[in-house]
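Mind folding the following:
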Amino acid sequence: MFRVTPPGVELESFEVPAPADHQVLVRHTHTQVSAGSESNFLRFGPKSYGLPDGLPQANIGYMAVGRIVAVGRAVEGYAVGDRVTTGSPHADYALVDVTPTAAIDPVPDAVSDEVAGFASLGDVALHGVRRAALQIDQSVAIFGMGIVGQLVLQLARISGAHPLIAIDLVDERLAQAKENGATHTINAGREDVVEQIKAITNGVGAEAVFHCAQAASILQATLECAADRGTVVLTGSPPGTATIRLKEELLRKELVLTGTYESGMNQSHPYWRWTRQRNRRACLRLLASGQLRLDNLLTHIVPVEQAPGIYDMILRGGAGWLGIVLKWS
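Have a look, this model is predicted:
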């Protein structure tokens, strides 16, 4: 496993435990990097990652794929040899409690280990798309074309939304967005985003805008790009604060500003049936059918020993990488 002590990471060894009655032991082949959340910890400390403030170090990560190598005596539905994705941190082994709401999902044969773990980010993206309640031919703009943004784009396409406008500062990410179904792309470093979106939508603005970037400050721009009575969905995890104009956009345009975090979404209830598990498994099904793609977004599949350099690269900015996967021997 590796332990994070901001601003760096280091590998450490640990004794592999035996599973308790309701646990399985999974040996990971790959763990996937959630670049936004994990870089938040490195840059701003544990509070930005949802951990207690002042924690000096932690094991981070929540996307892993491997095979079950041992099962507890009371476990049902899983067996040694099953290939699964889990919500475990970066490590070569993990114990997983098997409960009805556990973050463990069978991996379809058609989905590779390198890709499967990203179903957890698929859950994040799909929850945002569900909250936006997209309709066929509803115009969509997406700020930030990292993995979450790329998944939001594809899920919006599957929902029938049109046009699909991708916004980023990195041309390579915009090219990938085009490959994944974007009808228009805008480089925010060279073009006036608000002006371009108004031109694409005949002066109306985008009816649904997704904030999937790491910059809190762009919230004002997302509001300016939204159509009257449109929805702005905060789908990324940008640290810090944002300043917005209340009167000109939020009030006069009667916008809906929606945050998405999925607290308390592990169990289904009549008013919201879309649990995290249901979202993950929907994404795995879409990946297996080819309707959703991630293989074309993987830029780095590297041995875990290279993790310190990988995180240094992430902290330098978004150019030159996208989907990052760590291999465990």
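
Return the set of residues that bridge with the residue lying closest to residue 306 once chain neighbours are set aside.
Counting by CB to CB, 6 or more residues apart in numbering, residue 306 lies nearest to residue 326, which is 8.0 Å off, once chain neighbours are set aside. The C-beta positions use only the backbone N, C-alpha and C, and glycine is treated the same way. Residue 326 has the following beta-bridge partners by DSSP bridges: residue 31, residue 302.

Adjust the sequence numbering to begin at 27 for everything that follows.
Yep, numbering from 27; the last one is residue 352 now.

Can you tell me the SS state at residue 211?
Per DSSP: H, G, I helix; E, B strand; the rest coil, the local secondary structure of residue 211 is strand.

so what's it up against?
Neighbour list for residue 211: 191-194, 200-201, 203-204 [criterion: CB atoms under 8 Å, 6 or more residues apart in numbering].

Show me the domain layout of the protein.
Using automatic domain parsing, the domains assigned to the chain come out as 28-144+320-353, 148-285.

Just the local confidence number for the nearest residue to residue 268 once chain neighbours are set aside, please.
For residue 268, ignoring the flanking residues on the chain, the nearest one in space by CB to CB, 6+ apart is residue 245 at 3.9 Å. Looking at residue 245, its pLDDT reads 97.

ok, residue 245 touching residue 237?
Yes. Proximity of residue 245 to residue 237 meets the contact threshold set by CB atoms under 8 Å, at 6.3 Å.

The two: which is more packed in?
Shown here are residue 245 and residue 237; by other CB atoms under 10 Å, residue 237 has more neighbours (28 against 21).

Any figure for the gap between that one and residue 135?
36 Å (CB to CB, to the nearest Å).

ok, how many other residues are close to residue 333?
Neighbours of residue 333 (other CB under 10 Å): 22.

typo on my end, residue 289
For residue 289, the neighbour count with other CB under 10 Å is 6.

Which secondary structure state is assigned to it?
Residue 289 is classified as coil under three-state DSSP.

Quick one: low-confidence residue ranges for the stretch 227-355 of the chain.
For the stretch 227-355 of the chain, applying pLDDT under 70 flags no range at all.

Can you show me the strands along it?
Along the stretch 227-355 of the chain, the stretches classed as strands by DSSP state E, counting those that start in this stretch are 232-237, 252-260, 282-285, 324-329, 349-353.

Redo the ones you listed as TSV? Include distance to residue 218.
As requested, the strands of the stretch 227-355 of the chain are exported to TSV (distance: least, CB to CB, whole Å):
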stretch	distance to residue 218
strand 232-237	15
strand 252-260	16
strand 282-285	22
strand 324-329	29
strand 349-353	30
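
so of those strands, which one's packed in deepest?
Greatest average neighbour count among the strands of the stretch 227-355 of the chain goes to strand 232-237 (a mean of 27), per mean count of other CB atoms under 10 Å.

Pull the distance from that one to the chain's centre.
How far strand 232-237 lies from its chain's middle: 17 Å, per CA atoms, centre = their mean, to the nearest Å.

ranges for the strands of the stretch 27-176 of the chain?
Secondary structure of the stretch 27-176 of the chain (DSSP E, counting those that start in this stretch): strands located at 28-31, 34-37, 49-58, 90-97, 109-112, 119-123, 130-132, 166-169.

Now do the buried residues in the third one.
If I follow you right, that is strand 49-58. Buried residues in strand 49-58, counted by 16 or more other CB atoms under 10 Å: 49-52, 54-58.

Average the pLDDT values over stretch 90-104 and round to the nearest integer.
For stretch 90-104, mean pLDDT is 97.

quick one: contacts of it?
44-58, 105-117, 119-120, 124, 130, 133, 139-140, 142-143, 354.

and with 7 Å instead?
Residues from elsewhere that reach stretch 90-104 (CB atoms under 7 Å, 6 or more residues apart in numbering): 44-57, 105-112, 114, 120, 124, 133, 139, 142-143.

can you list the weak-confidence ranges in the stretch 27-176 of the chain?
Ranges of the stretch 27-176 of the chain meeting pLDDT under 70: 28-33, 82.

Residue 297: neighbour count?
Residues near residue 297, counting by other CB under 10 Å: 5.

do the one 5 residues further on as well
Other residues near residue 302 number 19, with proximity taken as other CB under 10 Å.

before we move on, the earlier item: so the residue nearest to residue 332 sits against residue 326, correct?
No. Assessed by CB atoms under 7 Å, residue 352 is found out of contact with residue 326, at 8.8 Å.

before we move on, back to that, with distance to residue 312 added, can I get the domains of the chain in CSV?
As requested, the domains of the chain are exported to CSV (distance: least, CB to CB, whole Å):
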stretch, distance to residue 312
domain 28-144+320-353, 10
domain 148-285, 7
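
For stretch 133-153, which residues meet the burial criterion?
133, 137-153.

How about stretch 216-227?
Within stretch 216-227, the residues that count as buried by 16+ other CB under 10 Å are 219-220, 222-224, 226-227.
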